[in-house]
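J.: Build me a structure from this.
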Amino acid sequence: MTKYNFESIEHELFRKSLRKFLAEEAEVHYEQWEKDRLIPLVFWRKLGEMGYLCPQVEEQYGGLDLDFSFGVIIQEELERIGSSLIGVGLHNDIVVPYIEAFGTIAQKSRWLPKCVTGEFITAIAMTEPGTESDLANIQTTAIRDGDHYIVNGQKTFITNGIHTNLVVVAVKTNPNAEKKHRGVSLLVIEGDTPGFTKGRKLEKVGMHAQDTAELYFDDCRVPVGNLLGEEGKGFSYMMEKLQQERLIVAIAAQTAAEDMLSLTIDYVKSRQAFGKHISDFQNTQFMIAEMATKIELGKSFLNSLIEDHIAGKDVVTKVSMAKYWITENARELSAQCMQLHGGYGYMEEYKIARRFRDIPVMSIYAGTNEVMKMIIAKNIGL
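T.: Numbering: from 1, shown residues only. Down below sits the predicted model:
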């Protein structure tokens, strides 16, 4: 378990309470959720009842008015159970902050209280077939028609796509904008809006319990009052919020790496081959030592970034570095840890097999690692 410099007695008690809750309400059911390919709605409502949904939201809207440090603890403890719980982190620390930052008082009063209770489960719909990370070239349009926008288009790879009933959607309100990114806006679309439908639940290599779906908008009439912020500023809003989104992914990858190392150390110390424990072989010791070193480096870097982010500093370049390096490290570790488990590592009954399936997508979503390298190169003057 990572311990951050900002952690106080209050943080430790919060973590302990959350860990106990997850042990009783998530860990014992997780394997079944993976088989069912879905996390039940009742779990979301229990999270809300316990104050684990959007704790950063202001008290006037039903939240606890806590800072991002508590969100870090929630994300770590969820990932310790399994990567399929990433949708909760997306709801808490990626989607809802858009409403908090850019919503009007009326919008916040309407949506935030139910986000805190779990009555609303949020998603953010950026990615489209054929565009993926190229957000300036999205094709979903929202054309003004009196007091409504008429939305047409398709989104894909949407986390929480099956359960969601409140979606922040990136749309083109000005498809003819000379600079394409200036034609992008954000609309909040509620689940019962006519013309909004959900496609199939996508079958993924890993993260089986986490629902991912396609979303369709066919002459979907959305009130102008659901515009988030100002027209034409959606792209800049997304760029502003991607720092925290990518930090969340790095935190998840770091937690997964620590969990995999712990699992593997326990395994090699308990298993024998050729008359001695697997942990007694020098090759095993060197592999473990190398993994432990890389994990420690990632932990130190991440710790400093979290503190800077909480302090409000612009750490886009370093967050891009962390997202790229830590997720790549976790992917490498998953293969090495599976190898040290031998044939048993390939069995579904061992957690390392699930980690091996779940980890690779971390280097893809929230902007591929190739995009992270482009950002880093640009920001250091290349």
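J.: got a pLDDT number for the spatially most central residue of the chain?
T.: In the chain, the centroid-proximal residue (C-alpha atoms, centre = their mean) is Leu90; its distance is 4.3 Å. As predicted, Leu90 sits at a pLDDT of 97.
J.: Mind telling me what element it is part of?
T.: In this structure, Leu90 sits in helix 86-90 according to DSSP states H and E.
J.: which element follows that helix toward the C-terminus?
T.: Going down the chain from helix 86-90, the next helix or strand is helix 96-102, by DSSP H and E.
J.: Please enumerate residues in contact with the following helix or strand past that following helix?
T.: Remark: after helix 96-102, the chain's next helix or strand is helix 105-117, criterion DSSP H and E. Here helix 105-117 makes contact (C-beta atoms under 8 Å, 6 or more residues apart in numbering) with 45, 48-49, 53-54, 57, 61-63, 91, 96, 99-100, 103, 120, 122, 166, 188, 225-226, 228. No exception for glycine: its C-beta is placed from N, CA and C like everyone else's.
J.: buried ones in stretch 358-367?
T.: For stretch 358-367, a neighbour-count test (16 or more other C-beta atoms under 10 Å) marks 358-359, 361-367 as buried.
J.: ugh, wrong one, I meant stretch 127-145
T.: So, applying 16+ other C-beta under 10 Å, buried residues of stretch 127-145: 127-128, 131-132, 135, 138, 140-142.
J.: For burial, what's the neighbour tally of the residue lying closest to Leu202 once chain neighbours are set aside?
T.: The shortest distance from Leu202 to any non-neighbouring residue, by C-beta to C-beta, 6 or more residues apart in numbering, is to Thr212 (4.6 Å). The number of residues packed around Thr212, counting by other C-beta atoms under 10 Å, is 20.
J.: can I assume Thr212 is in contact with Lys204?
T.: Yes: if you go by C-beta atoms under 8 Å, Thr212 and Lys204 touch, sitting 6.1 Å apart.
J.: For Phe281, grab phi and psi.
T.: phi -80, psi 140 (degrees, to the nearest 10).
J.: Give me the pLDDT for it.
T.: We have a pLDDT of 96 for Phe281.
J.: Mind giving me the packing neighbours of the helix or strand that contains Glu290?
T.: If you go by DSSP H and E, Glu290 is part of helix 282-310. Packed against helix 282-310 by the contact rule (3 or more C-beta pairs under 8 Å, 6 or more residues apart in numbering; DSSP states H and E) you find helix 68-81, helix 234-270, helix 316-341.
J.: Could you export the ones you listed as a markdown table, including mean neighbour count?
T.: Formatted as a markdown table, these follow (neighbours: other C-beta atoms under 10 Å):
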| stretch | mean neighbour count |
| --- | --- |
| helix 68-81 | 22 |
| helix 234-270 | 21 |
| helix 316-341 | 21 |
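J.: Out of the contacts of helix 105-117, name the ones that lie in helices.
T.: Among these, the subset assigned to helices under DSSP state H consists of 45, 48-49, 96, 99-100.
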